[in-house]
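Chemist: Compute the structure for the input listed below.
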Amino acid sequence: MQPVLDKKIKLIWDFRGPAAEKTAEHHEKHLKEYIVTEELKFNITGVSHINEMHSIAYLIVAEFEMISVRDMLKPHRGEIYND
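Modeler: Sure, this is the predicted structure:
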């Protein structure tokens, strides 16, 4: 049985360039599909537009899921998520 850990991790993908906003929005669609397919604990994704040349897509995962999701999806970075 998997231990229940409450810590949430924000996995982040950076997109840069003139198409960054659209690319991040498209990437989020794939993240939502992955949540359903893999039955992740949380259903939290999002997109943030930093500026006209930089946007991010992110996925929130439970700490116990982080390594397997990281290895499969290869995010650019991650951080502790405080909601």
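Chemist: Quick one: the strands in the chain, in order.
Modeler: 8-16, 44-51, 54-62, 77-81 (DSSP state E).
Chemist: quick one, what contacts residue 65?
Modeler: 40-41 (Cβ atoms under 8 Å, 6 or more residues apart in numbering). C-beta here means a position set from N, CA and C on the backbone, and glycine is covered the same way.
Chemist: Identify the residues contacting the residue nearest the centre of the chain.
Modeler: For the chain, the residue nearest the mean C-alpha position is residue 59 (2.1 Å; Cα atoms, centre = their mean). Contacts for residue 59 (Cβ under 8 Å, 6+ apart) come out as 10-11, 31, 34-35, 44-45, 69, 73, 75.
Chemist: for residue 83, same thing?
Modeler: Here residue 83 is in contact with residue 8 (Cβ under 8 Å, 6+ apart).
Chemist: If any of the contacts of residue 59 are buried, give me the ChimeraX selection for them.
Modeler: Only the buried entries of the contacts of residue 59 go into this ChimeraX selection, using 16 or more other Cβ atoms under 10 Å:
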select :10,11,31,35,44,45,69,73,75
